[in-house]
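>>> need a 3D model of the following:
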Amino acid sequence: QVQLQESGPGLVKPSQTLSLTCTVSGGSITTNLYYWSWICQPPGKGLEWIGYIAYSGSTYYSPSLKSRTSISRDTSKNQFTLQLSSVTPEDTAVYYCARLGVVTVEYDYWGQGTQVTVSS
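So this is what the prediction gives:
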């Protein structure tokens, strides 16, 4: 059973960098044919895809967030990390990490989500 767990600060000041880590257990982030994703849900809005890091280490970002987003990984810890720079209150959201199957094109495992508030 694959499990994902987000961790990081719940409060970030405007203009700073939001940094979250997803720790994966029960499966390796280098396993073929999976993309490890970050998704957010602002209050009162739908899910928004941020980006993912592939099993190969390649990264793909939402065009609207690409200039501010970086996703990296630590294979020794089986973790991947999101960094979102120059945050504003509009980046306040619940942030999820999830696994996306390349063949199924479905998210089959999700973290529980973590609330991040951007406020001074």
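>>> do you know how far the residue nearest the centre of the chain is from G8?
The centroid of the chain falls nearest to W38 when counting by C-alpha atoms, centre = their mean (2.4 Å). According to C-beta to C-beta, to the nearest Å, W38 and G8 sit 11 Å apart. Heads up, the C-betas are built off the backbone N, CA and C, glycines and all.
>>> what residues do these two have in common as contacts?
Counting by C-beta atoms under 8 Å, 6 or more residues apart in numbering, the common neighbours of W38 and G8 are 20, 95.
>>> show me what contacts Y61?
Y61 makes contact with 50-51, 69, 71, according to C-beta under 8 Å, 6+ apart.
>>> repeat the analysis, applying 10 Å as the threshold.
Contacts for Y61 (C-beta atoms under 10 Å, 6 or more residues apart in numbering) come out as 38, 49-53, 67-71.
>>> cross the residues you listed against strands and list the overlap.
Cross-referencing those against strands under DSSP state E gives 38, 49-53, 69-71.
>>> now the residues you listed as JSON lines including distance to V24 and pLDDT?
Formatted as JSON lines, these follow (distance: C-beta to C-beta, whole Å; pLDDT from 0 to 100):
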{"residue": "W38", "distance to V24": "13", "pLDDT": "98"}
{"residue": "W49", "distance to V24": "18", "pLDDT": "97"}
{"residue": "I50", "distance to V24": "17", "pLDDT": "98"}
{"residue": "G51", "distance to V24": "16", "pLDDT": "97"}
{"residue": "Y52", "distance to V24": "13", "pLDDT": "97"}
{"residue": "I53", "distance to V24": "11", "pLDDT": "97"}
{"residue": "T69", "distance to V24": "20", "pLDDT": "98"}
{"residue": "S70", "distance to V24": "18", "pLDDT": "98"}
{"residue": "I71", "distance to V24": "14", "pLDDT": "98"}
